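Undergrad: how would this look folded up:
(chains A and B)
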Amino acid sequence: MSRLRRVRAEATAATRSFLRRRTAVFFTFFFPVILVVIFGALVRTRPGGGGLFAAPAAYYVPGYLATVVLFTPLSRIGSEIARHRDDSRFEKLATTPLTRGEWLAAHTLVNLGVISVASLLILGLVVGLTGATLPVAPALALLVPFVALAVVLFCGFGAILGRVADSQDGVIAASNTIALPLLFLSDTFLTPSLLPEWFANAALVSPLTYFARGVRTVTFSPTGTDLPAPPLGTTGNLAVLAALAAVFFAVGAVAVPRTE
Amino acid sequence: MTREPVVVAEDLRRSYGDTVALDGVSLTVEAGEVFGLVGPNGAGKTTLVRALTGTTSVEGRVRVFGDPPAEGDRSRVGLLPQEFAPAGRLTVRELLGYYAGLYDEARAVDAVVDDVGLADTADTWYEELSGGQRRRACVGAALVNDPDLLFLDEPTTGIDPAGRRAVWGLVESLSADGTAVVLTSHSMTEIERLSDRVGLLRDGGLVAVGPPGGLVADHAGPARLVVEPADGTEPSATGGDGGQGDDGTTALADALREAGFTVTVGDGEVAVEAVAPTEIGAAVDGLDAAGVDYDALTWTEPGLEDAYLRLTGEAFEGLRQPGASVVDDPTDADPGGHGGTGGGNTGEGGGDETTEVEA
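TA: I've put the predicted structure just below:
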């Protein structure tokens, strides 16, 4: 009960703080929306036409979801750590019973809430604006653990970034530098045929690859296209993502500053 | 059976590159004791607080309630860091509720809000409070778990006099109930009023520890009477001349010597050391009998600030013996460490008791 009480207190305070920063709220949701509008509605997909966005619209669902699953935790957790450190909040928290793992769990929960809402918004826009068809099947419910595990993973990653970067500016620059290549080179928007063969192995290093491939297994069927089925399948990608989430969360929790 | 001190620190050392922040500091703090920490900027006060709270690593041994600070019962400790800024868009009530939620048992939030005098602004966002109100909210966050050991790093910075006194009252009340308090401050009035013992840090080392009264008696120097010549006499270019100058000090010095006092002549002033309040009348009578005019006569009883200035070597150049230098070493202290005309230190920054008589 004590642990739950502490996590709830931290999460409640963090949620209130976030919701009262209207600019942050607006751009958290506006960023993925503008991405869907630009890539999905203005550029439009041209199935079979070659080049970028040549796959069916549903192929890109993992990419759109990846924008919030990747960018939001990296920048929010990283910035929050930098802000806490600058304002001596960790120094204060170190003398309370709240542990670093509990702090990260609380902020991960807040991100999970924010990203869940943003993900629903994206799915609605993708279906409404791009004409993507999602298979209505029980397997679609697996989107929930995929998104949740990815959020946990990238919150841990964000904590590591926040620890390493020495300022809020540094966190934002670092998260953008890391997230942008990950976003486009993790089997999200670019089909494997558009990239050099050797890059297929390089993509395996990116944790986002397992999210994208796993989500694609439940949101897109390659039948009738020349696109390959994602390696590892749903269960395999989910398992790898879960393992990576556990590792990144554990490392991230240790990385949350405790001392000056 | 002897009760273990709440805080035990032995031979604490910490350096940042070539800068020594702590240099062999040892101290104890007992239950119900207010231990004041004073020292110049960069003396190591905040590093020492961090060492005692386990928020920085140091060489040496620290025990809080018998355990290393990072491993002990955190619900018994409260901390107000020096440059602490909590989430700006939480109300005072939400902020204190948040910190209360981190403990299994905490005080009623509204009671703490009342204690720090923020009942009228309890539903105002922290970032919309004034500087002093913010600091009071932060004090509340340190008290919300009803700690047995409380660290307050400059708690009243930016707080108005009424709010300051409210915080002082809280500290006194907590101490009376058995809470040990480690208090750092640049306000000698605050330290002198609240502290049972004072530790004076300089260059990372504790140069003196003791009750405020003891530090004043041992290190602050004697009470002094300073007399300023009447207007119209120009100070000599070379300052004190042992009574041979033509800036009006010669006549003053002669009159006071005639009255039986030992005097020191400085830049346009004459000082008499170790003057009891009952002797002021004799000095005035001596000046009147000699027919010497003077503009002001100021009697100053030294306070904790004088002890601080002398022990930290921060005494500024003022009235002093001819040829004497500013205090540089507490073991080689010049009794005329503080200076200036018109009574030196008063009120907030001071701790001196000053009486000024306009002629």
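
Undergrad: so what's residue A:35 closest to, chain neighbours aside?
TA: In space, and not counting its chain neighbours, residue A:35 is closest to residue A:67: 5.4 Å by CB to CB, 6 or more residues apart in numbering or on different chains. (Glycine included, C-beta is placed from N, CA and C.)

Undergrad: look up how far residue B:262 lies from the one you found.
TA: In this view, residue A:67 and residue B:262 are 84 Å apart by CB to CB, to the nearest Å.

Undergrad: between these two, who's got more neighbours?
TA: Shown here are residue A:67 and residue B:262; by other CB atoms under 10 Å in any protein chain shown, residue A:67 has more neighbours (23 against 11).

Undergrad: correct me if wrong: the more buried one contacts residue A:33.
TA: No: contact criterion CB atoms under 8 Å: residue A:67 and residue A:33 do not qualify, at 9.7 Å.

Undergrad: tell me the contacts of the residue nearest to residue A:35?
TA: With contact set as CB atoms under 8 Å, 6 or more residues apart in numbering or on different chains, residue A:67 has these partners: A:31, A:32, A:35, A:122, A:183.

Undergrad: returning to that earlier point: common neighbours of residue A:67 and residue A:33, please.
TA: residue A:122.

Undergrad: can you pull up the most central residue in the chain?
TA: Chain wasn't specified; assuming chain A. The centroid of chain A falls nearest to residue A:69 when counting by CA atoms, centre = their mean (1.6 Å).

Undergrad: pretty sure it sits against residue A:151.
TA: Yes: Residue A:69 sits in contact with residue A:151 when judged by CB under 8 Å, with a separation of 6.2 Å.

Undergrad: which neighbours do those two share?
TA: Common neighbours of residue A:69 and residue A:151 (CB under 8 Å, 6+ apart) are residue A:115.

Undergrad: just want the residue of the stretch 251-359 of chain B that's nearest chain A.
TA: residue B:312 (24.3 Å; CB to the nearest CB).

Undergrad: just to check, residue B:93 is in contact with residue B:111?
TA: No: at 11.5 Å, residue B:93 and residue B:111 do not qualify as touching, with contact defined as CB under 8 Å.

Undergrad: more crowded one of the two?
TA: Of the pair residue B:93 and residue B:111, residue B:93 is the one with more neighbours under other CB under 10 Å, namely 20 against 12.

Undergrad: now that one. Nearest residue, chain neighbours left out?
TA: residue B:122 (4.5 Å).

Undergrad: name all residues that make contact with that neighbour.
TA: Residue B:122 makes contacts with B:91, B:92, B:93, B:110, B:113, as judged by CB under 8 Å, 6+ apart.

Undergrad: wait, isn't residue A:77 in contact with residue A:153?
TA: No: at 11.3 Å, residue A:77 does not count as touching residue A:153 under the criterion of CB under 8 Å.

Undergrad: for residue A:174, grab the count of nearby residues.
TA: Burial measure for residue A:174: 18 neighbouring residues, criterion other CB under 10 Å.

Undergrad: ok now do it, which residues does it touch?
TA: Contacts of residue A:174 by CB under 8 Å, 6+ apart are A:78, A:161, A:164, A:165.

Undergrad: wait, doesn't the second one sit right on residue A:175?
TA: Think residue A:161. Yes: the pair residue A:161 and residue A:175 qualifies as a contact (CB under 8 Å) at a distance of 5.8 Å.

Undergrad: helices along the stretch 151-260 of chain A, start to end?
TA: When secondary structure is read from DSSP state H, counting those that start in this stretch, the stretch 151-260 of chain A shows helices at A:168-184, A:199-203, A:207-219, A:233-255.

Undergrad: residues contacting the last one, please?
TA: Residues outside helix A:233-255 that contact it (CB under 8 Å, 6+ apart): A:77, A:100-101, A:104, A:108, A:139, A:142, A:145-146, A:149-150, A:152-160, A:162-164, A:207, A:210-211, A:213-214, A:217-218, A:230, A:232.

Undergrad: buried ones among those?
TA: Taking 16 or more other CB atoms under 10 Å in any protein chain shown as the criterion, what is buried in the contacts of helix A:233-255 is A:77, A:100-101, A:104, A:108, A:142, A:146, A:149-150, A:152-160, A:162-163, A:207, A:210-211, A:213-214, A:217-218, A:230, A:232.

Undergrad: chain B contacts on the stretch 1-150 of chain A?
TA: Proximity of the stretch 1-150 of chain A to chain B (CB under 8 Å from any CB of the partner chain) is limited to residues A:2, A:5-6, A:8-10, A:12-14, A:16-17, A:20-21, A:87-89, A:91-98.

Undergrad: of the residues you listed, keep whichever come out buried.
TA: Among the residues of the stretch 1-150 of chain A next to chain B, those classed as buried by 16+ other CB under 10 Å are A:6, A:9-10, A:12-14, A:16-17, A:87-89, A:91-98.

Undergrad: and residue A:176, how many neighbours does it have?
TA: As a burial measure, residue A:176 scores 12 neighbours (other CB under 10 Å).

Undergrad: how close does it get to residue A:201?
TA: For residue A:176, the distance to residue A:201 (CB to CB) stands at 25 Å.

Undergrad: which sections of the chain are below the confidence cut-off?
TA: As the question left the chain open, I've gone with chain A. A:1, A:41, A:43-53, A:260 (pLDDT under 70).

Undergrad: meant chain B actually
TA: B:1-2, B:232-246, B:314-359.

Undergrad: in it, which residue sits closest to chain A?
TA: The nearest approach of chain B to chain A comes at residue B:101, 2.7 Å away (CB to the nearest CB).

Undergrad: which of the helices or strands spans the nearest residue to that residue once chain neighbours are set aside?
TA: With sequence-adjacent residues excluded and distances taken as CB to CB, 6+ apart, residue B:101 is closest to residue A:9, at 2.7 Å. Residue A:9 belongs to helix A:2-19 when assigned by DSSP states H and E.

Undergrad: what is that helix packed up against?
TA: helix A:22-35, helix A:100-130, helix B:92-100 (3 or more CB pairs under 8 Å, 6 or more residues apart in numbering or on different chains; DSSP states H and E).

Undergrad: list the buried residues for the longest one?
TA: Put plainly, it is helix A:100-130. A:100-112, A:114-115, A:118-119, A:122-123, A:125-127, A:129-130.

Undergrad: give the other helices and strands that the helix or strand hosting residue B:110 contacts.
TA: Assigned by DSSP H and E, residue B:110 belongs to helix B:109-115. Using 3+ CB pairs under 8 Å, 6+ apart, the elements in contact with helix B:109-115 are helix B:92-100, helix B:131-143.

Undergrad: ok, residues contacting that helix?
TA: Contacts for helix B:109-115 (CB under 8 Å, 6+ apart): B:92, B:93, B:96, B:97, B:100, B:119, B:122, B:140, B:143, B:144, B:166, B:170.

Undergrad: show me which residues of that helix are buried.
TA: Neighbour-count burial for helix B:109-115 flags B:109, B:112, B:113, B:115 (criterion: 16+ other CB under 10 Å).

Undergrad: of the contacts of residue A:174, which is the nearest to chain B?
TA: Nearest member of those to chain B, counting by CB to the nearest CB, is residue A:78, at 16.9 Å.

Undergrad: shouldn't the closest one be in contact with residue A:156?
TA: No: with contact defined as CB under 8 Å, residue A:78 does not reach residue A:156; the gap is 11.1 Å.

Undergrad: how close does residue A:97 get to residue B:220?
TA: Distance, residue A:97 to residue B:220, using CB to CB: 43 Å.

Undergrad: my guess is residue A:65 contacts residue A:122. True?
TA: Yes: under the criterion of CB under 8 Å, residue A:65 makes contact with residue A:122 at 6.0 Å.

Undergrad: I'd like the next helix or strand past the helix ranked longest in chain B.
TA: Longest helix in chain B, counting residues (DSSP state H): helix B:161-176. Following helix B:161-176 in sequence order, the next helix or strand is strand B:180-184 (DSSP H and E).

Undergrad: what about that following strand, distance to the chain center?
TA: Put simply, strand B:180-184 sits 13 Å off its chain's centre (CA atoms, centre = their mean, to the nearest Å).

Undergrad: can you list the strands that that strand pairs with?
TA: Paired strands of strand B:180-184, with direction, are strand B:34-38 (parallel), strand B:149-153 (parallel) (DSSP bridges).
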